[in-house]
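Provided below are the primary sequence and the corresponding predicted coordinates.
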Amino acid sequence: MKPPAGSRRGAVGFDQLLLSCEHAANALPARWAQALGADARWLSSHRGYDPGSAEIARRCARHFGAPLHLARWTRLLCDLNRDPGHPQVLGTAMRRLPTAQRQQILQRYHQPYRKQVEEQLLQLLKTPGRLLHLSLHSFTPRLQGITRPCELGIMYDPARSAEADLARALRQQVQARDPRLRVRLNYPYRGASIYFQPFLRRRLRNRRYLALQLEINQKLPRRQTQRWLRFQQVLFDSLAALGGSARSRQAER
């Protein structure tokens, strides 16, 4: 049977792109400021948000004309990248609140974001071809005294061959454009673990849904301005090489 127009069956790549950024912001709704208490000191740190993630997500969305979902609030309130039943879905201070208030936070801030992403993915999957959901994050250069030796981590589910192939191809594209960039697969976390995309894989049950979570070293946006700008262009060019008609098709919408 002939593949539908725009499909990349048998090839490494994608036809449509959706972006999300679950740790984009460090804002806190005023009504929860008292509950956050002393933990407010962490709002400007990596505990409050992922530095650089919103910037690169917005630029990537503009570059490809792709839909983008950005978190509005700090993960010290609730973590949009964790499932609602996860013991750490709420920030440490919020976990001390009464049950009714904890449920209110999930219903008002956690559930709507995840529902919007899922609904748009379902809509995009009505169009033939592979859909890449790219979730953008950043990580600290050192954790518990241990240096994390890479600039970019690409997380995916190794049980899904199309995702594994795409992750390897993206690494190859990035390093071909800038051999100084160290790119590791399923690092610093595993792509099939506790995050939003494994939840969506189970919900959507569609092999045309490809999910990669990118983890970018925070030293780039925080301390290396020129390298950071160069990194963004390298990433966009690498994605464009794999995206084929993604940009032109999404720009038509």
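Cool, the structure landed. None of the values given here were measured: they were computed from a predicted structure.

Where do the strands of the stretch 151-253 of the chain begin and end?
Using DSSP state E, counting those that start in this stretch, the strands of the stretch 151-253 of the chain run over 152-155, 183-185, 209-217.

Export those strands to TSV and append columns for mean neighbour count and mean pLDDT.
C-beta coordinates here come from the backbone N, C-alpha and C atoms, glycine included. Formatted as TSV, the strands of the stretch 151-253 of the chain follow (neighbours: other C-beta atoms under 10 Å; pLDDT from 0 to 100):
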stretch	mean neighbour count	mean pLDDT
strand 152-155	24	97
strand 183-185	18	97
strand 209-217	24	98
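
who wins for proximity to Leu166 among those strands?
strand 209-217 (5.9 Å; C-beta to C-beta).

re the thing from before, and of the strands of the stretch 151-253 of the chain, who's closest to Leu68?
Judged by C-beta to C-beta, the one of those that comes nearest to Leu68 is strand 209-217, at 13.9 Å.

in the stretch 151-253 of the chain, what spans have low per-residue confidence?
Applying pLDDT under 70 to the stretch 151-253 of the chain flags residues 244-253.

And the helices in it?
All helices of the stretch 151-253 of the chain, identified by DSSP state H, counting those that start in this stretch, fall at 161-177, 196-204, 219-223, 225-243, 246-251.

Using a markdown table, please lay out these together with distance to Arg130 and mean neighbour count.
Converted to a markdown table, the helices of the stretch 151-253 of the chain look like this (distance: least, C-beta to C-beta, whole Å; neighbours: other C-beta atoms under 10 Å):
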| stretch | distance to Arg130 | mean neighbour count |
| --- | --- | --- |
| helix 161-177 | 7 | 18 |
| helix 196-204 | 13 | 18 |
| helix 219-223 | 28 | 18 |
| helix 225-243 | 10 | 18 |
| helix 246-251 | 9 | 17 |
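
Save those as CSV, and put in distance to Arg114 too.
Formatted as CSV, the helices of the stretch 151-253 of the chain follow (distance: least, C-beta to C-beta, whole Å):
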stretch, distance to Arg114
helix 161-177, 20
helix 196-204, 7
helix 219-223, 26
helix 225-243, 24
helix 246-251, 22
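
Many thanks, have a good one.
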